[in-house]
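*Asks:* One predicted model, sequence on top.
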Amino acid sequence: MIIAVETSTTFASAAAVRDGTLLAETCLFAPQGHCENLLPMLETLLTGAGLDLAQATAFAVSLGPGSFTALRIGLSTVKALAMASRRPLVGVGTLDALAFNAAGLCSHVCPIIDAKRGEVFYSLFRDESGRQERLLEYGAQRPDEAIALLSSFMASSPEGKVIFLGDGVEACRGPIEAQFGGRAIFAPPHLGTPRASAVGVLALALLERGRVEDVAGVEPIYVRRSDAEIRRQRP
C-alpha cells in the first residue's frame, strides 16, 4: 500500500493506493497554505478507510513544479513519515500526475499549471492507450511563449489532438486556439487539479522498477528560482 500526498497548488490531497487500486482519497482547497491541514487530512483519510499508517509499504509525494512553499510542506511531511517508518519514498513530477488525469483520452496531453509572475509551468506527453511518455522537459515561460514552443514541437506530429488541462490553461486559451485550432481539446475543470491518487498510481509503477528517492537528499523540482532568491540577488 502506498500513501501519497499532493500539495503543489492551492489544492492538497492525500490518497491510499494498493496494487493500482484507489482505496481512499481526500482533497481540500486551502489557498492560505497546507501546513495546518495536511496531517489532519492524512488522519481523516486513514480513519475513514479503516487503514493504519503502519500498513504503508511506501510513501509518495509530488515533487513539482508548483508553489515553492506548498511543495516544501508536502515533501517535508512525507520525508518525516518515510524516515520514521523506515519505508521508501517515491517522488513523482507534478505535471506527470496532472497529465495522468487525462490518460487514454488523446494522443497528446499538455498539462499547464499557473506559475504566477505571468508565467506557466508546462510539459507535453504522448499517450498510447493510457501509457504516457514525456516528450518535453518541464518549462516555465509566459503563456504565449510556452504555446509557441509547444506548437513548433507538435509541427512534426500533425496527426491527433492535444488535450490541455490544469489551472494555467485559461491564461493560455487565446494562444492555444490560435496555434492549435481544432486540434485542441480543453479538459473539464474537474481534471485540472493534480491528485494524490495519480501520484500514488504512478509511484507504484516507479517502485516496481526500483525507482526510489534518497529520503535525506531529495529536493522539490522548482524549474525556476524562487522570489526570495531573486530578491537576494538584486542590487
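*Replies:* Done, it's in.

*Asks:* can we go C-alpha only for contacts and neighbour counts from here?
*Replies:* Fine.

*Asks:* what about the closest residue to residue 94 other than its chain neighbours, distance to residue 139?
*Replies:* In space, and not counting its chain neighbours, residue 94 is closest to residue 64: 4.8 Å by C-alpha to C-alpha, 6 or more residues apart in numbering. Distance of residue 64 to residue 139, given as C-alpha to C-alpha, to the nearest Å: 11 Å.

*Asks:* Looking at the two, which is more packed in?
*Replies:* The neighbour comparison of residue 64 against residue 139 (other C-alpha atoms under 10 Å) goes to residue 64, with 29 against 17.

*Asks:* can you pull the pLDDT of the most centrally placed residue in the chain?
*Replies:* Among the residues of the chain, the one closest to the centroid is residue 94, at 1.9 Å (C-alpha atoms, centre = their mean). Residue 94 carries a pLDDT value of 98.

*Asks:* Could you do residue 233 as well?
*Replies:* pLDDT recorded at residue 233 is 44.

*Asks:* how about the residue nearest to the centre of the chain, phi and psi?
*Replies:* Main-chain dihedrals, residue 94, degrees, to the nearest 10: phi -60, psi -40.

*Asks:* For it, give me its contacts.
*Replies:* Contacts for residue 94 (C-alpha atoms under 8 Å, 6 or more residues apart in numbering) come out as 8, 62-66, 194, 199.

*Asks:* with the residues you listed in mind, which one is nearest to residue 148?
*Replies:* Nearest to residue 148, judged by C-alpha to C-alpha, of the contacts of residue 94 is residue 65 at 20.4 Å.

*Asks:* count of neighbours near that closest one?
*Replies:* Burial measure for residue 65: 24 neighbouring residues, criterion other C-alpha under 10 Å.

*Asks:* who touches it in this structure?
*Replies:* Contacts of residue 65 (C-alpha under 8 Å, 6+ apart): 8, 93-95, 121, 138, 220-223.

*Asks:* Show me the shaky parts of this protein.
*Replies:* Scanning the chain for pLDDT under 70 picks out 225-235.

*Asks:* wait, doesn't the residue nearest to residue 94 sit right on residue 221?
*Replies:* Yes. When contacts are counted by C-alpha atoms under 8 Å, residue 64 is listed as touching residue 221 (4.7 Å).

*Asks:* what residues do those two have in common as contacts?
*Replies:* residue 93.

*Asks:* Domain map for this protein?
*Replies:* The chain resolves into domains spanning 2-94+193-233, 102-191 when parsed by automatic domain parsing.

*Asks:* how about the longest helix seen in the chain: buried residues?
*Replies:* Identified as the longest helix of the chain according to DSSP state H is helix 68-85. The neighbour-count check on helix 68-85 (16 or more other C-alpha atoms under 10 Å) flags 68, 70-76, 78-79, 81-82 as buried.

*Asks:* cool, and stretch 41-59?
*Replies:* Across stretch 41-59, burial judged by 16+ other C-alpha under 10 Å covers 41-42, 45-46, 53, 56-59.

*Asks:* sorry, back to before: what's in contact with the longest helix of the chain?
*Replies:* For helix 68-85, contacts defined as C-alpha under 8 Å, 6+ apart pick out 5-10, 33-35, 38-39, 54, 58-64, 88-89, 215-216, 219-220, 222, 226.

*Asks:* Run the chain-centre distance for it.
*Replies:* 15 Å (C-alpha atoms, centre = their mean, to the nearest Å).
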